[in-house]
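Novice: Next input, structure requested:
(chains A and B)
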2 protein chains.
Amino acid sequence: MERHVSTVEIVTELTRMRDISQNWRAHNAQIGFVPTMGYLHEGHLSLLRQANHENDHCVVSIFVNPTQFSPQEDLDVYPRDLEGDHAKIKETGAEVIFYPTDKVMYPPGYKTYVTVTELSSKLCGITRPTHFRGVTTIVCKLFNIVGPHRAYFGQKDAQQAFIIKKMVTDLDMDVVIRILPIIREEDGLAMSSRNAYLSPTERRAATVLHRALQNGLELFQQGSREPLLLQKALQEFISQEPLARIDYVSIVDPDTFLEPGENCQTLLAAVAVFFGQTRLIDNMTYSCDE
Amino acid sequence: MERHVSTVEIVTELTRMRDISQNWRAHNAQIGFVPTMGYLHEGHLSLLRQANHENDHCVVSIFVNPTQFSPQEDLDVYPRDLEGDHAKIKETGAEVIFYPTDKVMYPPGYKTYVTVTELSSKLCGITRPTHFRGVTTIVCKLFNIVGPHRAYFGQKDAQQAFIIKKMVTDLDMDVVIRILPIIREEDGLAMSSRNAYLSPTERRAATVLHRALQNGLELFQQGSREPLLLQKALQEFISQEPLARIDYVSIVDPDTFLEPGENCQTLLAAVAVFFGQTRLIDNMTYSCDE
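Specialist: Got it, this is the predicted structure:
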């Protein structure tokens, strides 16, 4: 895959983005795509590097998508840093930042939504009932504009990744979805743009998520495979941290996101916990094969 | 546009349909697409001929889409005639009939739906609350499989056409939607596959729809532009036919499908009426320019 990249183009117009993509496709080039809300960390950059490695061209979108926030959530204060993101993206080899305005993506009178039923109302969907509808809608729109061959998402948002894969399968979208591993800070905290909200004490307390998930893994490896017992162990572990307020602790079958069956060989432990106003999520896969 | 067509290929597999389409696109050919539920009449064939005329290749799909029928509707008895359709399609120059099974389109565990909010719960959406969700979902899926440059729909299903155009705009789909005029029988009845359900007396009674719409047009041309008065006139006209049972008579702004504003220059009169168990729809545009 030859490449002659000197600059990253910031594209705000939908028609320009489409032209770039159609020109690449007309030359039979493969397009990798990483949709983000910006304020990029190593997790995002790992997706970009992989997208760049597996495709001829790589597009990253930066769009803080209003339809996946509820009115009482952090849309207005969500961290933004285009200049910093631009510098980081340059290093990955990506060629285009698609950076549309709200008005381009949701003009007045906008009415169309993509919903993955059932899955969108579990786990994160309980406290955030319209969240996944916003995610699937914007991802569908971005795929239609960017026209990627492969799109990259992080395992940190496990339910999001699962729902997007389901949407792509159900709607017969011609895009390969690649899910890459969680990238963590040295002390185990999963990287997230929302970590920027944490006070120093909250930041220290937040390491309890990874420690709890690791503790659950050890129990699993010692033979404790009963989902309800694992769930209880995780809940108790997290509850020992006074700054942690649990939203949910769930043990699901990672192939269905439903309650695990009797002989389920692999379990997904997924947690959502508030530290002050900041809601963080994390997860870990427990597998008999490993 | 040169063409060497000898046979029409009937494609049942999604992957085969995608291969054909991608091969055409790789040769920079333009693809026209006509989604249908089969049992083709002159209305459908007019779409096929136009699609063939405006594109290098033309695909027609035949799929009686279960998600746009409610449990008490006519899914099981909806008329089917693949052999007859095949013969008619041959004459139009279309090259591919995409003819998938229910299982290919909606495998077990299917969960994803596309909804155009507000518009889908008016007019036909009142008696058929899940109908348009089924329509937009299947059209989105078919577009993703067939990958057309242009897709063709009939004005007979005016609300459907409007909702599909809205979906395509909102979801940034790269498809041009072409809406072609209603094709009528000699006595004015709009062509519909459901006309096959009518008994001879119901068939005669059903001409009241076009006569009522024509009567409304004459009133409009004589200066009667008040939506409520036009609506009342149409209702009274149709009510004179004892076999007609009105579902709705609506006068809307064709650019919004909402109540027309004070100075609306163009009105759309849309009707849905039962004759026995058979529900027929029809519409006419009343314009000051004509």
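Novice: burial count for residue A:96?
Specialist: Residue A:96 sits with 23 neighbouring residues when counted by other Cβ atoms under 10 Å in any protein chain shown. The way it works is simple: take the backbone N, C-alpha and C, and place the C-beta from them, glycine included.
Novice: any idea how far it is from residue A:218?
Specialist: To residue A:218, residue A:96 is 44 Å away according to Cβ to Cβ, to the nearest Å.
Novice: what mean pLDDT would you report for stretch A:268-285?
Specialist: Mean pLDDT, computed over stretch A:268-285, is 98.
Novice: my bad, stretch A:86-100
Specialist: 96.
Novice: does chain B sit close to that stretch?
Specialist: No. Judged by Cβ under 8 Å from any Cβ of the partner chain, stretch A:86-100 makes no contact with chain B; its nearest approach is 10.1 Å.
Novice: in that stretch, what's buried?
Specialist: Neighbour-count burial for stretch A:86-100 flags A:86, A:88-89, A:92-100 (criterion: 16 or more other Cβ atoms under 10 Å in any protein chain shown).
Novice: of all the residues in chain A, which ones are close to chain B?
Specialist: So far as Cβ under 8 Å from any Cβ goes, chain A lies against chain B at A:14, A:18, A:26, A:28, A:110-119, A:136-137, A:140-141, A:144-145, A:147, A:166-167, A:170-174.
Novice: Buried among those? Need that as a selection in ChimeraX.
Specialist: Here is the ChimeraX command that selects the buried residues among the residues of chain A next to chain B (16+ other Cβ under 10 Å):
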select /A:14,18,111,112,113,114,115,116,119,136,137,140,141,144,145,147,166,167,170,171,172,173
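Novice: Next step: the residues of chain A next to chain B restricted to strands.
Specialist: A:112-116 (DSSP state E).
Novice: can you tell me which of those residues lies nearest to chain B?
Specialist: residue A:112 (3.5 Å; Cβ to the nearest Cβ).
Novice: got the contact list for the closest residue to that closest one other than its chain neighbours?
Specialist: By the measure of Cβ to Cβ, 6 or more residues apart in numbering or on different chains, the closest residue to residue A:112 outside its immediate chain neighbours is residue B:170, 3.5 Å from it. Residue B:170 is in contact with A:110-112, A:141, B:116, counting by Cβ atoms under 8 Å, 6 or more residues apart in numbering or on different chains.
Novice: Reformat those as JSON lines; add pLDDT.
Specialist: Listed next are the contacts of residue B:170 as JSON lines, based on pLDDT from 0 to 100:
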{"residue": "A:110", "pLDDT": "98"}
{"residue": "A:111", "pLDDT": "97"}
{"residue": "A:112", "pLDDT": "98"}
{"residue": "A:141", "pLDDT": "98"}
{"residue": "B:116", "pLDDT": "97"}
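Novice: so what's residue A:147 closest to, chain neighbours aside?
Specialist: residue A:21 is the one closest to residue A:147 (Cβ to Cβ, 6+ apart), at 4.5 Å.
Novice: Let me see the contact set for that neighbour.
Specialist: Residue A:21 touches A:31, A:59, A:145-148, counting by Cβ under 8 Å, 6+ apart.
Novice: Angles on the backbone of it, please.
Specialist: Backbone dihedrals for residue A:21, given as degrees, to the nearest 10, come out at phi -60, psi -40.
Novice: ditto for residue A:29
Specialist: phi -90, psi 150.
Novice: per-residue confidence at it?
Specialist: 96.
Novice: just checking, it touches residue A:57?
Specialist: Yes. Counting by Cβ atoms under 8 Å, residue A:29 does reach residue A:57; the two are 5.7 Å apart.
Novice: Which of those two has more residues huddled nearby?
Specialist: Legend: neighbour count by other Cβ under 10 Å for residue A:29 and residue A:57, higher for residue A:57 (26 against 14).
Novice: and that one, what is it in contact with?
Specialist: A:24, A:29-32, A:95-96.
Novice: Check the gap between residue A:86 and residue A:51 for me.
Specialist: Residue A:86 is 17 Å from residue A:51, by Cβ to Cβ.
Novice: And the next helix or strand past the helix or strand hosting residue A:88?
Specialist: Assigning secondary structure by DSSP states H and E places residue A:88 in helix A:82-92. Going down the chain from helix A:82-92, the next helix or strand is strand A:96-98, by DSSP H and E.
Novice: Identify each buried residue in the next helix or strand after that following strand, please.
Specialist: Going down the chain from strand A:96-98, the next helix or strand is helix A:102-105, by DSSP H and E. For helix A:102-105, burial by neighbour count (16+ other Cβ under 10 Å) applies to A:104-105.
Novice: who touches helix A:102-105?
Specialist: A:12-14, A:63, A:65-66, A:138, A:141.
Novice: for residue A:78, what are its contacts?
Specialist: Contacts of residue A:78 by Cβ under 8 Å, 6+ apart are A:37, A:39, A:64, A:69, A:193.
Novice: Could you tell me which of those residues are located in helices?
Specialist: Per DSSP state H, helices hold no members of the contacts of residue A:78.
Novice: Apart from its neighbours in sequence, what residue is nearest residue A:140?
Specialist: residue A:114 (4.7 Å).
Novice: Beta-bridge partners for that neighbour, please?
Specialist: Beta bridges link residue A:114 to residue B:114, judged by DSSP bridges.
Novice: between the buried residues of stretch A:86-100, which is nearest chain B?
Specialist: Nearest member of these to chain B, counting by Cβ to the nearest Cβ, is residue A:100, at 10.1 Å.
Novice: Was I right to think the closest one contacts residue A:10?
Specialist: No. Counting by Cβ under 8 Å, residue A:100 stays clear of residue A:10, with 10.6 Å between them.
Novice: For chain A, which segments count as helices?
Specialist: Going by DSSP H, chain A shows helices at A:14-26, A:42-54, A:82-92, A:102-105, A:124-127, A:131-146, A:158-170, A:200-205, A:208-221, A:227-239.
Novice: Which of those comes out lowest on mean pLDDT?
Specialist: helix A:124-127 (a mean of 92).
Novice: Just the residues contacting that one, thanks.
Specialist: So helix A:124-127 is contacted by A:119, A:131-132, A:159-160, A:247-248, A:272, A:279, A:281 (Cβ under 8 Å, 6+ apart).
Novice: Tell me which two of these sit farthest apart.
Specialist: A:119 and A:279 (19.4 Å; Cβ to Cβ).
Novice: I'd say residue A:48 and residue A:92 touch.
Specialist: Yes. Using Cβ under 8 Å, residue A:48 is in contact with residue A:92, at 4.0 Å.
Novice: Quick check: neighbours shared by the two?
Specialist: With Cβ under 8 Å, 6+ apart, residue A:48 and residue A:92 have common neighbours residue A:58.
Novice: For stretch A:71-86, what is the distance to the chain centroid?
Specialist: Computed by Cα atoms, centre = their mean, to the nearest Å, the separation of stretch A:71-86 from the middle of its chain amounts to 15 Å.
Novice: Can I get it as CSV, trimmed to CA atoms?
Specialist: The C-alpha coordinates for stretch A:71-86 follow below in CSV (Å, rounded to 0.1, in the frame of the first residue of the first chain):
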residue,chain,number,x,y,z
PRO,A,71,-31.1,16.7,27.7
GLN,A,72,-29.6,16.3,31.2
GLU,A,73,-26.4,14.9,29.9
ASP,A,74,-23.0,16.5,29.2
LEU,A,75,-23.4,17.5,25.5
ASP,A,76,-22.5,21.2,26.1
VAL,A,77,-19.4,20.5,28.2
TYR,A,78,-18.2,17.5,26.3
PRO,A,79,-14.4,18.1,25.8
ARG,A,80,-13.3,19.4,22.4
ASP,A,81,-9.8,20.1,21.0
LEU,A,82,-9.7,20.1,17.2
GLU,A,83,-6.1,21.5,17.2
GLY,A,84,-4.8,18.8,19.5
ASP,A,85,-6.7,16.1,17.6
HIS,A,86,-5.4,17.3,14.3
